[in-house]
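> Sequence plus the predicted model coming up.
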Amino acid sequence: MQMRSWEIGRALGIPIRIHPSWFLVFLLATWTLSTDYLPETLPGLSPGRYWVMGAVAAALLFLSVLLHELGHSYVALSYRIPIEQITLFLFGGVAHMRQEAPSPKAEFLIAIAGPIVSFVISGGCLAIVALAEAIQQEQALRGVVMLGLLLGFGNLQLGVFNLIPGFPLDGGRILRAGLWAWGKDYYRATKQAAAAGLGFGVIFVLWGLLRIRQAATGELDASMVWTGGWLALIGIFLYIAALASRRQATLRQSISTIRIQDMMVRTVVSIPAQTMLDEAVNRYFQAYGYGGFPVVEDRRLIGLVTVPDIQAVPAETWSWRRVDQVMRPFSESMIISPDVPAIQAMGRMAREGWDQLIVVQDGEIVGLVTQSALVHFLQLRSHPIR
């Protein structure tokens, strides 16, 4: 998932992106449908038509995956959880949430929303199939019936598969919500749900290898080699994702007691509001190398100016534009207390889109905490799980 992806549109204000691996599975799905499923269920058509129908069917299947992720995102947005993007990739789709659910109830509702959307789509498609079969004459609607069956059972399988109780699948998140509500410990619940994910990952790998062996020895059709390989690949992905989630939970638990005052920059340089932009660039940004500075007027914090704020202004106007004309005006979201847990600052930055927060105590600026400082601190505190 670290490779470059491409934005293809937006839904609910969320960027929809396609990962390069998506093209592989899209072509594989199109090939399978056009050379196997469609010729068997709709005989007598030309190869070109099968390929067009296969591509359309594959695209509709991925549209179903997108709607599944939008179900998660819609509920998350209702809890004011920002969604960075939705990415379609080799194993389906994922909604990138910038922070975790605030409560077990929210976690449950966000997790269950995706499978509910899949089951609704499945029910709708199968209802259309039943209607088409009831009114069709001389197989006139057989294409609609076949497509409806494909989408209906495809979404049913998508919903059921995601309810497997292994993190990070939806079922694993539901399991985490239950364990969180029961034990009142979010991090312990995450590690327990991730352990279940590790177990299911191993099961899928072994199941896939068994199918490959049975196909190789003739116990099953030779085509089951592909099915076995896909099951093993899913198992590997689930195992890796669950392991990463467990490590992240352990790391977050280890820093949950760390306060802002333990990692903030204590020497804070502020820029007077009336400073011209060219002076701000030369005297502050270039001299100190910081990405942003608090802006003060009569020792009172009135805003924050960052490198992007300066870059948004034409350089030829820097000599007569003031800092207070381009700064981000003061808001309570840009300040934080030194005794607040560092992990809370991470959530604030993700939710509000800040790269840094100004640490204020008793009305005085006492420090600055940046996103890069938090990341570096986490890297230093991280350790391998044995």
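Thanks, I have the structure now.
> ok, the residue lying closest to Leu156 once chain neighbours are set aside - contacts?
Excluding the flanking residues, the one nearest Leu156 by C-beta to C-beta, 6 or more residues apart in numbering is Ser122, at 4.3 Å. For glycine as for every other residue, the C-beta is placed from the backbone atoms N, C-alpha and C. Ser122 is in contact with 151-156, 159, counting by C-beta atoms under 8 Å, 6 or more residues apart in numbering.
> Tell me the secondary structure at the spatially most central residue of the chain.
Residue closest to the average C-alpha location in the chain (C-alpha atoms, centre = their mean): His96, at 1.6 Å. Taken by DSSP: H, G, I helix; E, B strand; the rest coil, the conformation at His96 corresponds to strand.
> Secondary structure element holding the residue nearest to it when sequence neighbours are not counted?
Spatial nearest neighbour of His96, chain neighbours left out: Glu84 (4.2 Å); criterion: C-beta to C-beta, 6+ apart. Using DSSP states H and E, Glu84 falls within strand 83-89.
> Can you list the strands that that strand pairs with?
Looking at strand 83-89 with DSSP bridges, its partner strands are strand 14-18 (parallel), strand 92-97 (antiparallel).
> which stretch in those has the least confidence?
Mean pLDDT is lowest for strand 92-97 among these, at a mean of 79.
> Distance from that one to the middle of the chain?
4 Å (C-alpha atoms, centre = their mean, to the nearest Å).
> what's the next secondary structure element after that strand?
By DSSP H and E, the next helix or strand past strand 92-97 is helix 104-135.
> Now do that next one against strand 92-97, angle only.
Relative orientation of helix 104-135 versus strand 92-97 (axes from the mean of the first three to the mean of the last three C-alpha atoms, to 10 degrees): 150 degrees.
> Tell me the buried residues in helix 104-135?
By 16 or more other C-beta atoms under 10 Å, the buried positions in helix 104-135 come out as 104, 106-115, 117-119, 121-122, 125-126, 128-129, 132.
> Now stretch 152-159: buried residues?
152, 154-156, 158-159.
> Then stretch 286-305?
So for stretch 286-305, counting by 16+ other C-beta under 10 Å, buried means 290, 292-296, 301, 303-305.
> Mind checking which of these land in strands?
Mapping these onto strands (DSSP state E) picks out 292-296, 301, 303-305.
> TSV for those, including pLDDT and distance to Arg322?
Shown next, in TSV, are those (pLDDT from 0 to 100; distance: C-beta to C-beta, whole Å):
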residue	pLDDT	distance to Arg322
Gly292	81	17
Phe293	86	14
Pro294	87	15
Val295	89	10
Val296	88	13
Leu301	85	16
Gly303	87	12
Leu304	87	15
Val305	88	10
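> With distance to Glu279 added, can I get those residues in CSV?
Putting those into CSV (distance: C-beta to C-beta, whole Å) gives the following:
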residue, distance to Glu279
Gly292, 16
Phe293, 12
Pro294, 16
Val295, 13
Val296, 15
Leu301, 20
Gly303, 17
Leu304, 18
Val305, 12
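> Can you tell me which of those comes closest to Thr41?
Among these, Gly292 lies closest to Thr41 (C-beta to C-beta), at 60.3 Å.
> ok, now how distant is the closest one from Leu12?
As for Gly292, its distance to Leu12 is 30 Å (criterion: C-beta to C-beta, to the nearest Å).
> likewise Gly154?
Taking C-beta to C-beta, one finds Gly154 at 23 Å from Leu12.
> What ranges in the stretch 201-350 of the chain fall below the confidence cut-off?
222-223, 254-256, 350 (pLDDT under 70).
> What are the boundaries of the helices in it?
224-255, 277-280, 286-288, 307-311, 323-326, 342-352 (DSSP state H, counting those that start in this stretch).
> before we move on, back to that, kindly reformat the strands paired with strand 83-89 as TSV containing distance to Gly199.
Conversion of the strands paired with strand 83-89 to TSV gives the following (distance: least, C-beta to C-beta, whole Å):
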stretch	distance to Gly199
strand 14-18	31
strand 92-97	21
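> And these: which comes nearest Ala29?
Evaluated over those, closeness to Ala29 peaks at strand 92-97, with 11.6 Å, by C-beta to C-beta.
> related to what we said a few turns ago, contacts only, for the residue nearest to the centre of the chain.
His96 neighbours (C-beta under 8 Å, 6+ apart): 83-87.
> How about Met146?
Taking C-beta under 8 Å, 6+ apart as the test, what Met146 contacts is 38, 41-42.
> tell me which element it is part of?
Going by DSSP H and E, Met146 is part of helix 142-162.
> Could you tell me the angle between that helix and helix 104-135?
Using the same axes, to 10 degrees: helix 142-162 against helix 104-135 is 160 degrees.
> okay, the angle between helix 142-162 and helix 224-255?
When the same axes, to 10 degrees is applied, the directions of helix 142-162 and helix 224-255 differ by 40 degrees.
> Show the subsequent helix or strand relative to helix 142-162.
Past helix 142-162, the next helix or strand by DSSP H and E is helix 170-183.
> just checking, what packs against that following helix?
With contacts defined as 3 or more C-beta pairs under 8 Å, 6 or more residues apart in numbering; DSSP states H and E, helix 170-183 has these neighbours: helix 104-135, helix 186-216.
> Counting neighbours, which bits of the last one end up buried?
Right, helix 186-216. 186-187, 189-198, 200-201, 203-205, 207-208, 211-212, 215.
> got it, and stretch 58-67?
58, 61-62, 64-67.
> Other residues contacting it?
Contact with stretch 58-67 is made by 11, 16, 22, 26, 29-30, 33, 86, 88, 92-93, 117-118, 121, 147, 150-151, 154-155, 158, as judged by C-beta under 8 Å, 6+ apart.
> Got a ChimeraX select line for the buried ones in the residues you listed?
Buried subset of the contacts of stretch 58-67, written as a ChimeraX selection, criterion 16+ other C-beta under 10 Å:
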select :16,22,26,29,30,33,86,88,92,93,117,118,121,147,150,151,154,155,158
